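Novice: Return atomic coordinates for the entry below.
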Amino acid sequence: MEKITVGIEGLLLLNPTVYKDERGEFFETYNYDKYNSLLPNVKFVQDNLSKSHKNVLRGLHFQLPPFEQGKLVQVIKGRALDVAVDLRKNSKTYGQYFSVELSENNKIQFWIPPGFAHGFLSLEDDTLFAYKCTNNYSPAHEKTILWNDPQLAIDWKETQPIVSLKDTQGILFTEFNSPF
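Specialist: Predicted structure coming up:
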């Protein structure tokens with residue numbers, strides 16, 4: 001497995017070793033020992049899977065302490081543009097975002113630690129998006145930052161995505177007082 005650092009501290013791309021032969025391919029999506037060496041002291045407690053039509057945008061979601069979540073995300077089928085926004089007040093990259101295309105073909109996994117808002121745009125019909133979480137879902141602690149916040153200026157590659165009512169009512173980044 002290859003561990004790739006990106007321009008925002010804490011975010012990681014994980015590129016698993018894929019074994020291919022005439023039958024197809026095989027790779028580990030999770031192995032406690034291997035992932036514990038890459039992400040020490042990270043414990044996953046919940047797995048989620050979403051299926052989305054093309055141009056569905058979900059996010060930008062996060063949970064407040066004490067229910068903050070780290071997420072290990074990947075696309076099982078299809079393609080998605082995945083985005084993480086740094087919400088850590090004392091970070092030199094506070095308010096900046098990182099985006100990456102995840103797909104069934106590249107098999108990249110994206111580690112997003114607590115203290116980030118997260119969202120993704122499905123780039124194909126029936127995209128299956130899987131993620132492991134370090135804390136349980138708590139509706140009372142969930143927050144949403146507006147996906148098209150002009151201050152964040154995220155390049156979603158789509159100007160009119162399909163967005164839930166909840167996500168259209170997210171707060172602006174300037175209105176958010178970060179506890180991270």
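
Novice: how far away is the residue nearest the centre of the chain from residue 2?
Specialist: Nearest residue to the geometric centre of the chain (C-alpha atoms, centre = their mean): residue 118, 4.8 Å. In this view, residue 118 and residue 2 are 22 Å apart by C-beta to C-beta, to the nearest Å. Every residue, glycine included, has its C-beta placed from N, CA and C.

Novice: what's the answer for residue 135, then?
Specialist: In terms of C-beta to C-beta, residue 135 sits 27 Å off from residue 2.

Novice: What does the pLDDT read for the residue of the chain positioned farthest from its centre?
Specialist: The centre of the chain is farthest from one residue, residue 22, which by C-alpha atoms, centre = their mean lies 32.6 Å away. At residue 22, the pLDDT value in this model is 98.

Novice: After the longest helix seen in the chain, which helix or strand is next?
Specialist: In the chain, assigned by DSSP state H, the helix with the most residues is helix 32-38. Later in the chain than helix 32-38, the nearest helix or strand by DSSP states H and E is strand 46-52.

Novice: for stretch 78-95, the distance to its chain's centre please.
Specialist: 9 Å (C-alpha atoms, centre = their mean, to the nearest Å).

Novice: pLDDT weak spots in the chain?
Specialist: The chain contains no residues with pLDDT under 70.

Novice: just to revisit the earlier point, correct me, but the residue nearest to the centre of the chain touches residue 61?
Specialist: Yes - Residue 118 is in contact with residue 61 according to C-beta atoms under 8 Å; the separation is 5.8 Å.

Novice: which residues in this structure form strands?
Specialist: 2-5, 12-15, 19-21, 24-26, 46-52, 56-63, 71-77, 79-86, 97-103, 109-112, 116-122, 127-133, 142-144, 162-163 (DSSP state E).

Novice: Could you tell me which residues within the fifth one count as buried?
Specialist: In this case it means strand 46-52. residue 52 (16 or more other C-beta atoms under 10 Å).

Novice: That one - which strands sit beside it in the sheet, and in what orientation?
Specialist: Sheet pairing of strand 46-52 (DSSP bridges) gives strand 127-133 (antiparallel).

Novice: and if you look at the shortest one?
Specialist: Partner strands and pairing direction for strand 162-163 (DSSP bridges) are strand 56-63 (parallel).
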